[in-house]
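Visitor: Next comes the sequence, and after it the predicted model I'd like to discuss.
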Amino acid sequence: MQEGSATATLAFGCILGCVIAGTVSDKFGRKKGLMLAAAIFLFSSLWMAFSHNSTIFIIARFAAGIDSGHAVWPCDQRFHLILNLAIGGGLGGRKGIDNNLFPQVFEIDYVRVYQKNK
């Protein structure tokens, strides 16, 4: 077995883990989802350690990738982001807005998100 195959298998498992992580967390909750991921990690680690051939090792490596993908998924809860475009400022109401300015493009360079302490 080549090292590249084992690495690629882990990466494919990680991709699958990222894809299904949101659904699992929505259905069971984040804590239970992470506990499931930890159980998969333990099982797959033991499975890799005691595998007797490369096929079993690759399957266990794929399972370990699923766990890794699930554990790092950041957006497992629904959220809404509201962006406001204010046109005119303090002078817009007094002097009006030049309608020849439109249409324009509203491009967002970055968004900073703060987490409220519970």
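Guide: Arrived safely, thanks for sending.

Visitor: The protein: strands as residue ranges?
Guide: Assigned strands in the chain: none (criterion: DSSP state E).

Visitor: At which residues are the helices of it located?
Guide: For the chain, applying DSSP state H gives helices covering 3-28, 30-49, 54-71, 89-95.

Visitor: highest average neighbour count across the ones you listed?
Guide: Greatest average neighbour count among the helices of the chain goes to helix 54-71 (a mean of 20), per mean count of other Cβ atoms under 10 Å. Any C-beta I mention is one placed from the backbone N, CA and C, and that applies to glycine too.

Visitor: Can you report the mean pLDDT over the residues of that helix?
Guide: For helix 54-71, the mean pLDDT works out to 82.

Visitor: So which residues make contact with stretch 39-49?
Guide: Residues from elsewhere that reach stretch 39-49, judged by Cβ atoms under 8 Å, 6 or more residues apart in numbering: 56-57, 59-61, 63-64, 66-68, 70-71.

Visitor: what's the neighbour count on K118?
Guide: When counting by other Cβ atoms under 10 Å, one arrives at 3 neighbours for K118.
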